[in-house]
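Q: could you look at this predicted model? Sequence included:
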Amino acid sequence: MLDTSARLLRLLALLQSRRYWPGAELAERLEVTTRTVRRDVERLRTLGYPVSSSAGVAGGYQLDRGAELPPLLLDDDEALAMSVGLRGAVAAGIDGLEEACLRAMTKLEQVMPRRLRGRLGGLHGAIAQGMLAGPTVSASVLGALAQAAWSDRTARFGYTDLSGKATERQVEPHGLVHLQGRWYLGAYDLERLAWRTFRVDRITGEVSEGLPFMRREVPEGTLTDLVTRSVSRARGRLTARVLIHAPYERVRAKVPALAAHIVPFADGCRLETGIGSMTHVALHLGLLDEEFEVEAPAELQQLVERLAGRFQRAADRRR
């Protein structure tokens, strides 16, 4: 038989899972008498949960929407943010999490006061949720990686790279990064003795925890910097380095996070990206509409010069 605190939590969960519960059925679920159920309902009311009841042989209980939020340690804006965030999580590409998010939304919105339900309806009506193009990942794999990173324990898993080669990896996981519809693990690879970025959707099998480890300092910035730098460089065998004479914030807003790694530098910023197509890189630099100079490779600088001459000749012909 559950103690009083555990029983109250169980009773609250039951009331949130269904609109109406007969008293006798609640007593059966909790393995107590109907009198104990009545006492527990009074305790919930004392804590601020709006539970209504109906008398008689077939009487029962339901959790109503209250005039105020119950004591969840959430203010109005936090409750709205949680509901909107849960709706966004449904489209975050995590397989098996959709149903849990929907259940959590239902429980949260069920006890929202009327004034918040109106604001929430307006928010959801104004926000168009676009479908993410990234692949789905396993909720269990994501949870195991997050747990290993949080507890500072090594992780072992199977991994299939872009070429289809399958390997076993043992890493020190430092955290997960979600960028443009994809989940990435930033970790130190214990076999290759180097920092690596792993796409979570390419992790196969179960993730097993290992021994504790001492956290290392992430090189050249944050974990997000590590992931964006790794992904952008992987786009080609050569890396373009370009100085852009414009504020970092302005340039960052113009360039997708995974297209290039950008860091503040001197009076502007430095952009690094892998080169899949030299022409595409040159044209995108021109479309930034900012002053820039190519540091490397020399082939990119030569292409920029040829394109500049071509555009200049086109402008001269027009005049």
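A: The structure has been received and is ready for your questions.

Q: quick one: low-confidence ranges for the stretch 1-150 of the chain?
A: Scanning the stretch 1-150 of the chain for pLDDT under 70 picks out 1-3, 57-58, 66-75, 84, 87-93, 95-99, 102, 111, 121-134.

Q: which parts of it are helices?
A: Assigned by DSSP state H, counting those that start in this stretch, the helices in the stretch 1-150 of the chain fall at 4-17, 23-30, 34-46, 76-90, 98-110, 114-126, 139-150.

Q: now tabulate those in JSON lines and tack on distance to residue 163 and mean neighbour count.
A: Every residue, glycine included, has its C-beta placed from N, CA and C. As requested, those are exported to JSON lines (distance: least, CB to CB, whole Å; neighbours: other CB atoms under 10 Å):
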{"stretch": "helix 4-17", "distance to residue 163": "47", "mean neighbour count": "16"}
{"stretch": "helix 23-30", "distance to residue 163": "54", "mean neighbour count": "17"}
{"stretch": "helix 34-46", "distance to residue 163": "58", "mean neighbour count": "15"}
{"stretch": "helix 76-90", "distance to residue 163": "32", "mean neighbour count": "16"}
{"stretch": "helix 98-110", "distance to residue 163": "32", "mean neighbour count": "15"}
{"stretch": "helix 114-126", "distance to residue 163": "43", "mean neighbour count": "12"}
{"stretch": "helix 139-150", "distance to residue 163": "21", "mean neighbour count": "18"}
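
Q: for these, which one sits closest to residue 297?
A: helix 139-150 (35.7 Å; CB to CB).

Q: any figure for the gap between the spatially most central residue of the chain and residue 200?
A: With distances taken as CA atoms, centre = their mean, residue 178 lies nearest the centre of the chain, 4.9 Å away. Distance of residue 178 to residue 200, computed by CB to CB, to the nearest Å: 9 Å.

Q: find the residues that touch each one of those two.
A: residue 184 (CB atoms under 8 Å, 6 or more residues apart in numbering).

Q: can you tell me the element residue 205 falls in?
A: Secondary structure assignment for residue 205, by DSSP states H and E: strand 203-212.

Q: can you name the next helix or strand after that strand?
A: Using DSSP H and E, the first helix or strand after strand 203-212 is helix 223-233.

Q: in this protein, where's the longest helix?
A: The residue-count maximum for a helix in the chain (DSSP state H) belongs to helix 298-318.

Q: can you show me the CA trace of that one as CSV?
A: Output in CSV follows, covering the C-alpha atoms of helix 298-318 (Å, rounded to 0.1, in the frame of the first residue of the first chain):
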residue,chain,number,x,y,z
ALA,A,298,44.2,30.2,-53.4
GLU,A,299,41.8,28.6,-55.9
LEU,A,300,38.9,30.4,-54.3
GLN,A,301,40.7,33.8,-54.5
GLN,A,302,41.4,33.2,-58.2
LEU,A,303,37.8,32.3,-58.8
VAL,A,304,36.6,35.5,-57.0
GLU,A,305,38.9,37.6,-59.2
ARG,A,306,37.6,36.0,-62.4
LEU,A,307,34.0,36.5,-61.3
ALA,A,308,34.8,40.1,-60.3
GLY,A,309,36.3,40.8,-63.8
ARG,A,310,33.3,39.2,-65.5
PHE,A,311,30.8,41.3,-63.5
GLN,A,312,32.8,44.4,-64.1
ARG,A,313,32.9,43.8,-67.8
ALA,A,314,29.1,43.3,-67.8
ALA,A,315,28.6,46.6,-65.9
ASP,A,316,31.0,48.4,-68.4
ARG,A,317,29.0,47.1,-71.4
ARG,A,318,25.8,48.3,-69.9
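
Q: helices or strands next to that helix in the packing?
A: Under the contact criterion of 3 or more CB pairs under 8 Å, 6 or more residues apart in numbering; DSSP states H and E, helix 298-318 touches strand 238-244, helix 278-287, strand 292-296.

Q: return the most buried member of the ones you listed.
A: strand 238-244 (a mean of 19; mean count of other CB atoms under 10 Å).

Q: what helices or strands is whatever helix or strand residue 262 lives in leaning on?
A: Here residue 262, judged by DSSP H and E, is contained in strand 261-265. Contact analysis of strand 261-265 by 3+ CB pairs under 8 Å, 6+ apart lists helix 223-233, helix 248-254, strand 268-275 as its packing neighbours.
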